[in-house]
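Engineer: Pasted the sequence and its predicted model underneath.
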Amino acid sequence: MNANGAAKFCLGQIVATPGAMEAMEESGQTPDFFLNRHASADWGDVCPEDWQLNDEAVKNGSRILSAYRTLKGKKLWVVTDAADDDGHRAATTILLSEEY
């Protein structure tokens with residue numbers, strides 16, 4: 001989380017694929033753990049270029065993609081859709097990397 005604990009952007013509706021839900025359940029982790037990291041601009045296991053693109057996306061409204069591993073080693077992606085013309089983000093999806 002950032003210093004004041006506030007989210008850097010709106011997540012919109014939150015959804016998760018069955019595969020992602022199963023992976024989180026197997027590792028004893030909750031969606032909130034990954035969503036809190038994502039919303040606070042901790043993009044996880046992305047390359048420096050993607051980290052920079054995500055930082056810019058927070059400002060310009062484009063798509064944001066974070067990558068994390070569960071405690072059991074499964075790779076999860078958290079994707080927040082691009083903002084609409086009014087600057088609102090419709091949804092954030094948690095999914096397995098192979099489901100993207």
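Structural biologist: Thanks, I have the structure now. Numbering: from 1, shown residues only.

Engineer: Which strand residues bridge the residue nearest the centre of the chain?
Structural biologist: When CA atoms, centre = their mean is applied to the chain, the residue found nearest the centroid is V78 (2.9 Å). On the basis of DSSP bridges, V78 is bridged to S66, I94.

Engineer: quick one, longest helix in this structure?
Structural biologist: For the chain, the helix with the greatest residue count under DSSP state H is helix 48-60.

Engineer: Using PDB, list the CA coordinates for that helix.
Structural biologist: C-alpha atoms of helix 48-60 as PDB (Å, rounded to 0.1, in the frame of the first residue of the first chain):
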ATOM      1  CA  PRO A  48      10.400  -2.300 -15.700                       C
ATOM      2  CA  GLU A  49       8.800  -1.200 -19.000                       C
ATOM      3  CA  ASP A  50       5.400  -2.600 -18.000                       C
ATOM      4  CA  TRP A  51       5.800  -1.000 -14.500                       C
ATOM      5  CA  GLN A  52       6.300   2.400 -16.200                       C
ATOM      6  CA  LEU A  53       3.300   1.800 -18.500                       C
ATOM      7  CA  ASN A  54       1.100   0.900 -15.500                       C
ATOM      8  CA  ASP A  55       2.300   4.100 -13.700                       C
ATOM      9  CA  GLU A  56       1.300   6.100 -16.800                       C
ATOM     10  CA  ALA A  57      -2.000   4.200 -17.100                       C
ATOM     11  CA  VAL A  58      -3.000   5.400 -13.600                       C
ATOM     12  CA  LYS A  59      -2.800   8.900 -15.000                       C
ATOM     13  CA  ASN A  60      -4.100   8.400 -18.600                       C
END
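
Engineer: List the buried residues for that helix?
Structural biologist: Residues 50, 53-54, 57 are the ones in helix 48-60 that count as buried (16 or more other CB atoms under 10 Å). C-beta coordinates here come from the backbone N, C-alpha and C atoms, glycine included.
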